[in-house]
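S.K.: Sequence first, predicted model second:
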Amino acid sequence: MAAGKAGGVVTAALEVRDLHLTFNPGQINEARALQGVDLTVERGQFVVILGSNGAGKSTLMNAIAGVHQPDSGSVHLDGNDLTGVADHRRARHIGRVFQDPMAGTAGTLTIEENLVLAERRNGRRRLRVPRGAEHHRELLSQLGMGLEDRLSTRVDTLSGGQRQAMAVLMAIQADPSLLMLDEHTAALDPAAAERVLDVTTRLASQTHITTLMITHNMSHAIELGDRTVMMHRGRVLFDLDAEERAGLTLPDLIDRFRQLAADELSDRTALT
Ligand SMILES: Nc1ncnc2c1ncn2[C@@H]1O[C@H](COP(=O)(O)OP(=O)(O)O)[C@@H](O)[C@H]1O
Ligand SMILES: [Mg+2]
């Protein structure tokens with residue numbers, strides 16, 4: 001098990017324990033978004049999260065980032081209890097990329113200015129000499145999109161795929177303890193989505209950054225990363241490690257989901 005130690009206790013990178021979160025409690029529009037989520041992620045692991053609309057995937061990320069405070073349960077990052085810690089204080093340790101290609105980069109700034117911004121976000125690198133154009137060209141060449149020759153191009157002239165690839169690169173440049181990607185390729189055309197996913201998995205594995213990635217794509221969910229977590233109705237329905245995923249086909253995954261979701265539904269009906 002790849003784990004660090006804090007005060008003699010072995011800790012995972014991320015530990016989510018029995019997280020509950022209800023929106024608009026007691027109201028007609030009450031939504032029990034998280035109903036006891038447990039999730040342990042080892043350092044450097046890449047976890048793909050899957051689940052139907054409203055399953056609680058984005059809420060889980062928002063609760064981890066501190067955007068929404070849970071009703072109960074806890075979130076530990078690198079052994080530190082984040083319960084009650086404000087989102088802006090967590091931001092240095094958590095990188096996020098969302099669906100909207102406009103959100104992760106500053107459009108009116110150049111490619112290089114965006115990279116400098118990302119480096120400044122990293123507390124550890126702030127004291128060092130600013131990185132030069134050569135370093136930035138090297139970083140950008142990893143994207144395989146020719147952006148290394150366009151350092152002074154404004155980012156709002158790039159395609160959605162190029163912007164998302166930059167957003168991923170910048171999130172990783174800030175060297176967070178955890179990277180969370182919420183359907184970050186969903187707004188792109190299929191070819192651009194594939195390129196951004198390729199960049200994402202390549203950079204994440206090179207840098208060994210602990211990553212959670214939400215996707216709607218079932219094949220991506222079993223092919224990419226190290227683990228597949230299926231969420232359903234505010235809970236983790238199943239969690240497959242590399243061994244359990246090996247040889248698993250798409251129909252197997254769908255069958256598994258149907259079976260477990262049906263069991264869960266009948267359990268709940270039996271309880272009421
Ligand atoms: N800010 C919010 N206010 C009220 N209800 C919300 C809010 N965010 C999410 N919800 C509700 O919580 C549930 C889970 O939503 P969400 O986490 O966005 O699901 P997913 O990302 O899996 O599609 C849904 O019923 C949704 O309508
Ligand atoms: Mg969502």
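M.R.: That came through, no problem. Ligands and ions are numbered 1, 2, ... in the order given.

S.K.: C-alpha only now, for contacts and for neighbours.
M.R.: OK.

S.K.: What residue, apart from its backbone neighbours, is nearest H68 spatially?
M.R.: Closest residue to H68 apart from its sequence neighbours, by Cα to Cα, 6 or more residues apart in numbering: N62 at 5.7 Å.

S.K.: Report the secondary structure state of that neighbour.
M.R.: helix (DSSP: H, G, I helix; E, B strand; the rest coil).

S.K.: Neighbours of it, how many?
M.R.: 16 (other Cα atoms under 10 Å).

S.K.: P70 is in contact with that one, correct?
M.R.: No. Checked against Cα atoms under 8 Å, the pair N62 and P70 is beyond contact range at 9.6 Å.

S.K.: Sketch out the low-pLDDT regions of the stretch 151-272 of the chain for me.
M.R.: Within the stretch 151-272 of the chain, the stretches with pLDDT under 70 are 268-272.

S.K.: which stretches of it form helices?
M.R.: Using DSSP state H, counting those that start in this stretch, the helices of the stretch 151-272 of the chain run over residues 160-173, 190-207, 218-223, 242-245, 250-271.

S.K.: got TSV for the ones you listed, with distance to A118 and mean neighbour count too?
M.R.: Below are the helices of the stretch 151-272 of the chain laid out as TSV (distance: least, Cα to Cα, whole Å; neighbours: other Cα atoms under 10 Å):
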stretch	distance to A118	mean neighbour count
helix 160-173	5	25
helix 190-207	15	17
helix 218-223	28	19
helix 242-245	32	13
helix 250-271	37	12
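
S.K.: Let me have these in TSV, extended by distance to ligand 1.
M.R.: Formatted as TSV, the helices of the stretch 151-272 of the chain follow (distance: least, Cα to the nearest ligand atom, whole Å):
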stretch	distance to ligand 1
helix 160-173	19
helix 190-207	19
helix 218-223	14
helix 242-245	22
helix 250-271	15
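
S.K.: which parts of this protein sit against ligand 1?
M.R.: For the chain, the residues in contact with ligand 1 under the definition Cα under 6 Å from any ligand atom are F23, A31, A33, N53, G54, A55, G56, K57, S58, T59.

S.K.: try 8 Å
M.R.: Proximity of the chain to ligand 1, by Cα under 8 Å from any ligand atom, involves residues 22-24, 29-34, 51-60, 231-234.
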